[in-house]
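>>> The following comprises the amino acid sequence and a computationally predicted model.
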Amino acid sequence: MLSDRSTATVRATLPAVGAAIGDIADLFYEKLFAAHPELLRDLFNRGNQASGDQRRALAGSIAAFATALVEQPGTRPDVMLDRIAHKHASLGVTPEQYEVVHTHLFAAIADVLGDAVTPEVAAAWDEVYWLMANALIAIEERLYAQQGVAAGDVWREWEVAARAEETEDVATFLLRPAEDTPAPAFRPGQYVSVQVELADGARQVRQYSLSGAPGSGLRSITVKRVRGQGSPDGEVSRHLHEHTRVGDVLRVSAPYGDLVLDHLDAPLLLASAGIGCTPMLSMLEHLAQEGHQGPVTVVHGDRSPAGHALRTDHIRLTEKLPDAEAHFWYEVPEAGHPANRTGLVDLGGITVRPGTHAYLCGPLPFMRAVRAQLLEAGVRPADVHYEVFGPDLWLAAS
């Protein structure tokens, strides 16, 4: 993929670029938003920018892609690229925006690395960038075509048909197309982007898993209100909780997401924590509707039963499957809850069947811990699939 000359240059400069990639990412976003403030206002998540999460995710993805090019030249990190492309498609990213990113990213590289960026170094890293960008553009073009939309034309209006309060901080919104058009198909586990106009005029976007099964003309999203602990509350979740009522109209994207229920001939393990239960409930409902007969293990961790959103559905859907069992862990359990299901999720007492495919969604520490336990139990790394709500800091950390 990468030319021999550029491979040698990238390999030689990767340590220096990698050491500076955080500073490069910071300066890149500073330059990008100075030139295009509308991108911060209407496309990028202002909360993730303020926390630095998006910057760390960008740095991690660039470093991971470059490392793959020089260490495994015969392969391409398609799992990473697919994950990024699905997120981009849900935001309506277009090929032209990659030119904008290129301009400001390479200006940041030149400013941070200074004289070390010789013409040869610049050409090599330019090749890296366009290999990654063109791969993403191609995947996103395919994703748009699958939804029957032009590049970037992913937004439609949906009316709130019903609203249910699941817990003190979690609400479910049932949506129907505001226009007389059929709802786009989706796969269990996928998400949509939701765009709302805030008080300052910004049109911020967040992703929410579709918490019901495919097949209906309605769609449901279950939204946890993000309460900042020492930082501002989540802008979009707060707006939805405080201002969105039945009859209101939301801008919602076509469905995307690479964590989708597959491998139905294998034993399945669906593990979640907190609001990470939403894609798992979509998978469970789909399995129940399809009359799935295979073994399914449901694992969930939460602060307390009262805070376990959609707990009744979690139990009900598991009980509909003939060979399924559910295990719930609570840090603050009700009286009578089993002691070995108190605290954090521990798979030590659960049978993990040979050939299991596991699907994970929840906070990163939870997913890291569960993945490690699954690998110890003999599950292949390739058979552990996960979804991150927000920037993929698992990738960035790796």
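In hand now; what should we look at? Residues are numbered from 1 along each chain as shown.

>>> where along this protein do the strands fall?
Under the criterion DSSP state E, strands of the chain are mapped to 155-167, 170-177, 191-197, 203-209, 219-224, 249-253, 268-273, 296-302, 324-330, 357-361, 384-387.

>>> how about those strands, which one is nearest Gly52?
strand 203-209 (17.6 Å; C-beta to C-beta). All C-beta atoms are positioned from the backbone trio N, CA, C, and that covers glycine.

>>> That closest one: partners in the sheet, and parallel or antiparallel?
Strand 203-209 has these partner strands in its sheet, going by DSSP bridges: strand 191-197 (antiparallel).

>>> what mean pLDDT does the strand it pairs with have?
Looking at strand 191-197 alone, the average pLDDT works out to 97.

>>> Next: stretch 27-45.
Stretch 27-45 shows an average pLDDT of 96 in the prediction.

>>> List the buried residues of that stretch.
Taking 16 or more other C-beta atoms under 10 Å as the neighbour-count basis, stretch 27-45 is seen to contain the buried residues 27-29, 31-33, 40-41, 43-45.

>>> just stretch 198-205 next, same as before
Counting neighbours by 16+ other C-beta under 10 Å, one finds that the buried residues in stretch 198-205 are 204-205.

>>> Quick check: end-to-end length of it?
End-to-end span of stretch 198-205 (C-alpha to C-alpha, to the nearest Å): 10 Å.

>>> Return the distance of it from the chain's centre.
Computed by C-alpha atoms, centre = their mean, to the nearest Å, the chain-centroid distance of stretch 198-205 equals 21 Å.

>>> Equivalent analysis for stretch 359-379, please.
Averaging C-alpha coordinates over stretch 359-379 and over its chain gives two centres that are 16 Å apart (C-alpha atoms, centre = their mean).

>>> and the gap between the nearest residue to Pro184 once chain neighbours are set aside and Met280?
On the basis of C-beta to C-beta, 6 or more residues apart in numbering, the spatially nearest residue to Pro184 that is not a chain neighbour turns out to be Ala254, at 5.1 Å. Plainly put, Ala254 is 22 Å away from Met280 if you go by C-beta to C-beta, to the nearest Å.

>>> out of the two, which sits in the busier spot?
Residue environment comparison for Ala254 versus Met280 gives the larger neighbour count to Met280, 29 against 24, counting by other C-beta atoms under 10 Å.

>>> wait, the more buried one sits on Cys361?
Yes: distance between Met280 and Cys361: 6.4 Å, which falls inside the contact criterion (C-beta atoms under 8 Å).

>>> between those two, what contacts are shared?
When C-beta atoms under 8 Å, 6 or more residues apart in numbering defines a contact, the residues bordering Met280 and Cys361 alike are 271-272.

>>> OK, contacts around the residue nearest to Pro184?
Contact criterion C-beta under 8 Å, 6+ apart gives 89-90, 147, 149, 154, 156, 184, 192 as the residues in contact with Ala254.

>>> Now for these, which sits with the most neighbours around it?
When neighbours are counted by other C-beta under 10 Å, Ala89 leads these with 28 neighbours.

>>> so that residue touches Tyr144, yeah?
Yes: with the criterion set as C-beta under 8 Å, Ala89 and Tyr144 qualify as a contacting pair; they are 6.3 Å apart.

>>> Please enumerate the shared neighbours of those two.
Taking C-beta under 8 Å, 6+ apart as the criterion, Ala89 and Tyr144 both touch Val154.

>>> Can you name the residues bridging to Ser193?
Partner residues in beta bridges with Ser193: Gln207, with DSSP bridges as the criterion.

>>> OK, contacts around it?
Going by C-beta under 8 Å, 6+ apart, the list of residues near Ser193 reads 90-91, 154, 205-207, 252-253.

>>> ok, which pair from those is furthest apart?
Using C-beta to C-beta, the two most remote members of these are Val154 and Arg206, lying 14.5 Å apart.

>>> biggest helix in the chain by residues?
Longest helix in the chain, counting residues (DSSP state H): helix 4-35.

>>> any idea how far that one is from the chain center?
Centroid separation for helix 4-35 versus its chain: 24 Å, with C-alpha atoms, centre = their mean.

>>> Show me the two of the buried residues of stretch 27-45 that sit farthest apart.
Distances among the buried residues of stretch 27-45 were taken as C-beta to C-beta; the most separated pair is Leu27 and Arg41, at 20.0 Å.

>>> Distance-wise, check Pro15 relative to Gly22.
As judged by C-beta to C-beta, Pro15 and Gly22 stand 14 Å apart.

>>> An error on my part: the question was meant for Leu270.
Leu270 sits 35 Å away from Gly22, going by C-beta to C-beta.

>>> And for Gln54?
Between Gln54 and Gly22 the computed distance is 12 Å (C-beta to C-beta).

>>> now Gln204
When distances are taken as C-beta to C-beta, Gln204 and Gly22 turn out to be 25 Å apart.

>>> ok, Leu69 - how many residues close by?
Here the neighbour count serves as a burial measure; for Leu69 (other C-beta under 10 Å) it reads 23.

>>> How confident is the prediction for the closest residue to Leu281 other than its chain neighbours, by pLDDT?
Spatial nearest neighbour of Leu281, excluding adjacent residues (C-beta to C-beta, 6+ apart): Ser211 at 5.3 Å. We have a pLDDT of 90 for Ser211.

>>> would you turn the strands of the chain into JSON lines with distance to Val10?
Rendered in JSON lines, the data for the strands of the chain read as follows (distance: least, C-beta to C-beta, whole Å):
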{"stretch": "strand 155-167", "distance to Val10": "38"}
{"stretch": "strand 170-177", "distance to Val10": "46"}
{"stretch": "strand 191-197", "distance to Val10": "33"}
{"stretch": "strand 203-209", "distance to Val10": "32"}
{"stretch": "strand 219-224", "distance to Val10": "41"}
{"stretch": "strand 249-253", "distance to Val10": "35"}
{"stretch": "strand 268-273", "distance to Val10": "37"}
{"stretch": "strand 296-302", "distance to Val10": "41"}
{"stretch": "strand 324-330", "distance to Val10": "45"}
{"stretch": "strand 357-361", "distance to Val10": "32"}
{"stretch": "strand 384-387", "distance to Val10": "29"}
